[in-house]
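[1] need coordinates for the below:
(3 chains)
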Amino acid sequence: MAKSQAYQRIRAEVIRLVGLIPKGRFTTYGSIAVHMNVVPRHVASVLSKLSDVEAAELPWHRVLSADAQISPRMDSELKSTQRQRLEAEGLSFDAEGKVQNADLHFHVVGIRRNIRWDSPAGV
DNA sequence: GGAGAGGCTTACT
DNA sequence: AAGTAAGCCTCTC
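    Sure, this is the predicted structure:
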């Protein structure tokens, strides 16, 4: 029995969902959180507390913040790593660290809440 | 057992 | 439009 079954469940789901993200796509903490019916912070916390093995195997870099940006609170090294990995997968980043064509590369995690990128008009 | 913090989000000011 | 404040639930000290 784990310390908290809830957290175990959450972590397992996060891992699974993140692992399901296809290459060249991304999703957001909020999307995952909503999908699991948890708060976004949990998703972030889970990712930050992942095991080394999981962090190495899991494409956590495909998880971005709500605005399709790399989380600014993240460690500097991780931020650059994340960006490099995403670029390596074919994603493009703006000078601000925003994903270009976010709506095109967004991976829907089961459900989708009302994603409000700045310009849905482009679609 | 209580208090602080956590890779976010949303809403109001 | 940008910045500040509160919220969510769980973990860790």
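[2] look at the residue nearest the centre of chain A and report its pLDDT.
    Nearest to the geometric centre of chain A sits A:V63, at 1.3 Å (C-alpha atoms, centre = their mean). A:V63 carries a pLDDT score of 93 in this model.
[3] so it makes contact with A:Y29?
    Yes - A:V63 lies in contact with A:Y29 (C-beta atoms under 8 Å); the separation is 6.1 Å. Just so you know, the C-beta spots here come from the backbone N, C-alpha and C atoms, and that holds for glycine as well.
[4] overlap of the contact sets of these two?
    A:V43 (C-beta atoms under 8 Å, 6 or more residues apart in numbering).
[5] after the lengthiest helix in chain A, which helix or strand is next?
    Ranked by residue count, the top helix of chain A under DSSP state H comes out as helix A:5-20. Downstream of helix A:5-20, the first helix or strand assigned by DSSP states H and E is strand A:27-28.
[6] now for that following strand, which elements pack on it?
    Applying 3 or more C-beta pairs under 8 Å, 6 or more residues apart in numbering; DSSP states H and E, we find strand A:27-28 packed against strand A:63-64.
[7] need the helices for chain A, in chain order.
    Using DSSP H, helices in chain A cover A:5-20, A:29-36, A:40-48, A:52-57, A:76-88, A:102-105.
[8] which one is A:K98 nearest to, not counting chain neighbours?
    A:Q69 (5.0 Å; C-beta to C-beta, 6 or more residues apart in numbering).
[9] these two touch, right, the one you found and A:V99?
    Yes - A:Q69 lies in contact with A:V99 (C-beta under 8 Å); the separation is 7.4 Å.
[10] next, count neighbours for the residue lying closest to A:L50 once chain neighbours are set aside.
    Leaving aside its chain neighbours, A:L50 sits nearest to A:L58 (6.4 Å; criterion: C-beta to C-beta, 6+ apart). Residues within reach of A:L58, counting by other C-beta atoms under 10 Å, total 19.
[11] kindly report the same for A:L104.
    12.
[12] I appreciate the help and will end here.
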